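# Provided below for reference: sequence and predicted model.
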Amino acid sequence: MDAKMKGIVRVIPYNPEWKTEFLKIKAMIVDCAGDLIIGVEHVGSTAVEGLASKPVIDIDVVIDSYDIFPAVKDRLSEIGFEHEGNLGVEGREAFKRTSIDDFMPYHLYVCPKDGKGYLEHISFRDYLRDHPEAVKAYGELKMRLAEQFRTDITAYVNAKREFVQNVLKKINSLE
C-alpha cells in the first residue's frame, strides 16, 4: 500500500475476490489450528455480497470457550501473529500479523462461540445478507462517511455506529 494511502479511509464497491481471499486466509488458519477451533467465519462488510467496504477482510476464528484460547494463541504466534488483547470489545481477541504475507489486508479475531463480539458479527452479517435494502442503505452511508471523514478512521467508525446499533436492535426485537 502506498504510504500516502495509509491514513485514508477508502470504501470501494463490492469485489467478489474478497470471498476468494477469505478462503485462502481461512486455509492457513485451519492448517495451523484446525484441531483446536470450531470454525473460521468471514464477517464484516466484505462478507456481504454487494456491500461497499473498506478492502479489509474481517475474520472470526471461533473457539468453544476461553479455556482453549491459550493453545490457539500459541499456535497463531508460531505462524507470525501477535495477540493485541480485546481492543475494547468484549468476547473478541484481536491478533495482528508480525510479518508481511501474500494476502490482502485483514483483521483476525479469536472469539468464543457465545461471546458478544462474535454473536454480533454473525447476526449483523446475516441480517445484511437477508436484507438487500439494508445493504444498499449501509453501502451508501459508508461511501458518504468515507468522503466526509477521509483522513479520520475513528470518526468514520463512530459515525456508522448508529446504523449498526439500529440493525442489532432490530435483530434483538425479532428474537
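Looks like it arrived, so ask away.

# going by C-alpha atoms from here, please, whenever you check contacts or count neighbours.
Noted.

# what helix or strand is Val61 on?
Take DSSP states H and E as the rule and Val61 turns out to sit in strand 57-63.

# residue boundaries of the strands in this structure?
Ranges of strands in the chain, per DSSP state E, are 39-43, 57-63, 81-85, 93-97, 106-112.

# run the chain-centre distance for the strand holding Val61.
7 Å (C-alpha atoms, centre = their mean, to the nearest Å).

# export that strand as PDB, just CAs?
Provided in PDB are the C-alpha atoms of strand 57-63 (Å, rounded to 0.1, in the frame of the first residue of the first chain):
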ATOM      1  CA  ILE A  57     -11.300  -8.700   5.400                       C
ATOM      2  CA  ASP A  58     -12.600  -9.300   9.000                       C
ATOM      3  CA  ILE A  59     -12.200 -12.900  10.200                       C
ATOM      4  CA  ASP A  60     -13.500 -14.500  13.400                       C
ATOM      5  CA  VAL A  61     -11.800 -17.700  14.500                       C
ATOM      6  CA  VAL A  62     -14.400 -19.400  16.700                       C
ATOM      7  CA  ILE A  63     -13.400 -21.400  19.800                       C
END
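
# ok, Lys170 to Phe163 distance?
Lys170 sits at a distance of 11 Å from Phe163 (criterion: C-alpha to C-alpha, to the nearest Å).

# tell me what the nearest residue to His42 once chain neighbours are set aside is bridged to.
Leaving aside its chain neighbours, His42 sits nearest to Ile59 (5.0 Å; criterion: C-alpha to C-alpha, 6 or more residues apart in numbering). Counting by DSSP bridges, Ile59 is bridged to His42, Leu108.

# for the longest helix seen in the chain, buried residues please.
Assignment by DSSP state H gives helix 153-174 as the longest helix of the chain. Burial within helix 153-174, assessed by neighbour count using 16 or more other C-alpha atoms under 10 Å, is assigned to Ile153, Tyr156, Ala159, Val167, Leu168.

# residues making contact with it?
With contacts defined as C-alpha atoms under 8 Å, 6 or more residues apart in numbering, helix 153-174 is touched by 7-9, 120, 123-124, 127, 138, 141-142, 145-146, 149-150.

# show me which of these is closest to Ala52.
Lys142 (7.3 Å; C-alpha to C-alpha).

# what's the closest non-adjacent residue to the residue most central in space within the chain?
Note on the chain: the residue nearest the mean C-alpha position is Asp58, at 2.3 Å, using C-alpha atoms, centre = their mean. Spatial nearest neighbour of Asp58, excluding adjacent residues (C-alpha to C-alpha, 6+ apart): His107 at 4.8 Å.

# flag the shaky bits of the chain, pLDDT-wise.
1-6, 175 (pLDDT under 70).
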